[in-house]
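Asker: Provided below are the primary sequence and the corresponding predicted coordinates.
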Amino acid sequence: MSSLLSINSSNFEEEVIRSSLPVLLEFGAPWCRPCKTLEPILEELAVQWQGKVKMVTVDVDNDPNLAMKYGVMGVPNLILFVNGEPKEQMVGLQPQRKIMDKVTPYL
């Protein structure tokens with residue numbers, strides 16, 4: 001079972017924009033191999049950052065409008081939201097160290 005919360009347009013405002021914690025949002029898709037490779041990295045970070053960062057995912061096939069709103073042209077695409085604002089973006093498969101380096105200053 002994934003520790004990443006699956007979200008969509010209907011709960012995006014509540015889970016991401018109004019979150020009191022920083023939110024690391026992964027835009028991905030079930031057919032995306034790099035997304036599948038990234039998943040265990042995000043799962044590990046979710047355990048490490050429990051209570052410090054909310055980890056969520058959006059399936060771009062099910063919610064293309066949300067992906068378009070944030071300029072997502074390819075997956076995986078990670079966006080870090082802090083106080084409802086996008087602060088960092090990482091496109092493509094990222095090593096764990098790079099994700100940690102981008103997110104840690106906001107903890």
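Answerer: Happy to help now that I have it.
Asker: Contacts only, for Gln94.
Answerer: Gln94 sits next to 38, 41, 76, 78 when contact means CB atoms under 8 Å, 6 or more residues apart in numbering. Quick note: C-beta positions are derived from backbone N, CA and C, even for glycine.
Asker: any chance of those residues in a markdown table, plus secondary structure, neighbour count and pLDDT?
Answerer: Putting the contacts of Gln94 into a markdown table (DSSP: H, G, I helix; E, B strand; the rest coil; neighbours: other CB atoms under 10 Å; pLDDT from 0 to 100) gives the following:
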| residue | secondary structure | neighbour count | pLDDT |
| --- | --- | --- | --- |
| Leu38 | helix | 24 | 97 |
| Ile41 | helix | 16 | 97 |
| Pro76 | coil | 25 | 98 |
| Leu78 | strand | 23 | 98 |
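Asker: Out of those residues, the closest to Pro22 would be?
Answerer: Leu78 (12.1 Å; CB to CB).
Asker: Quickly list what the closest one is bridged to.
Answerer: Note on Leu78: beta-bridge partners Glu26, Met90, judged by DSSP bridges.
Asker: so it touches Gly92, yeah?
Answerer: No: the criterion here is CB atoms under 8 Å, and Leu78 misses it with Gly92 at 9.2 Å.
Asker: Spell out the residue ranges of the helices in the chain.
Answerer: 9-12, 33-48, 64-69, 96-103 (DSSP state H).
Asker: Arg18 is nearest to which of those?
Answerer: Closest to Arg18 of those is helix 9-12 (CB to CB; 9.8 Å).
Asker: can you pull the buried residues of the closest one?
Answerer: Phe12 (16 or more other CB atoms under 10 Å).
Asker: So which elements touch it?
Answerer: In this structure, helix 9-12 packs against helix 64-69, with contacts taken as 3 or more CB pairs under 8 Å, 6 or more residues apart in numbering; DSSP states H and E.
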